[in-house]
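# starting from these lines, generate the structure:
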Amino acid sequence: MKASTPIGLVLVAATVLALTGCASEPAYRPFTILYDLEISFSDAAWDGKTIPSGQQCPAFGGNGTTPALIVGNIPPTANVLILEFSNKSHLPLDKGGQGRIGYLFEAGTPRIALPAIAGNTFDLPEPFFVIAAHRKPFQYKQGAYLPPCSGGKGDYYYLVVKAVRLPDSFEEQGEIVGQGKLFLGRY
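Okay, the predicted model is just below:
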């Protein structure tokens, strides 16, 4: 499937929305064996304990980006990664509330290096795409990813990555085939 075609983009968007719970009925079948994705930081400034200086939102003096990541043990049938950024300490921003971003790739790729991408923007480099904007559009600049923005109160930030097999047609169902979680740090 080529996502650059209009029907390809519609298919990607419809399937991803269904897989992430934005539709009333999920359009995927359960996959009995989920791969455990191996997720790690590729930038030493991110240690999983404390959000690095400057990686917070502009309201608190930062210009944050997503962390650069390595995702491994990707199932051979997967062709999309879904990155769900969350603040566990603030209910409206939990479960992907800091933004949901997709990454389209060729099935059979076992490991991917994801670069850092800017927060507070919808202008994402290809092959990234926006799944859902962060849930604080009236308080902070809208975008696909809201960098940590709790003002240093010690909030708990984490990331869930899902590996998804998108279907080739509307007649097929997509499936989540792998998942992993990474603690980003406290801020």
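# so the most centrally placed residue in the chain bridges to which residues?
Centroid-nearest residue in the chain, with C-alpha atoms, centre = their mean: residue 83, separated by 1.3 Å. Applying DSSP bridges to residue 83 gives these bridge partners: residue 101, residue 161.
# show me what contacts it?
Shown here is residue 83, whose contacts under the criterion C-beta atoms under 8 Å, 6 or more residues apart in numbering are 66, 100, 101, 102, 103, 114, 159, 160, 161. C-beta here means a position set from N, CA and C on the backbone, and glycine is covered the same way.
# state the number of residues packed around the fifth one.
When neighbours are counted by other C-beta atoms under 10 Å, residue 103 registers 20.
# just give the closest residue to it, not the sequence neighbours.
residue 81 (4.4 Å; C-beta to C-beta, 6 or more residues apart in numbering).
# and that neighbour, that one's in a helix?
No - when DSSP: H, G, I helix; E, B strand; the rest coil is applied, residue 81 is found to be strand, with no helix at that position.
# pull the CA atoms of stretch 178-187 into PDB?
C-alpha atoms of stretch 178-187 as PDB (Å, rounded to 0.1, in the frame of the first residue of the first chain):
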ATOM      1  CA  GLY A 178       3.200  -5.600  19.100                       C
ATOM      2  CA  GLN A 179       3.400  -3.100  21.900                       C
ATOM      3  CA  GLY A 180       5.900  -1.600  24.400                       C
ATOM      4  CA  LYS A 181       6.100   1.100  27.000                       C
ATOM      5  CA  LEU A 182       8.900   3.500  27.900                       C
ATOM      6  CA  PHE A 183       9.000   5.800  30.900                       C
ATOM      7  CA  LEU A 184      10.200   9.200  29.600                       C
ATOM      8  CA  GLY A 185      10.800  10.800  33.000                       C
ATOM      9  CA  ARG A 186       9.400  13.200  35.600                       C
ATOM     10  CA  TYR A 187       9.000  16.900  35.200                       C
END
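# kind regards, and thank you for your time.
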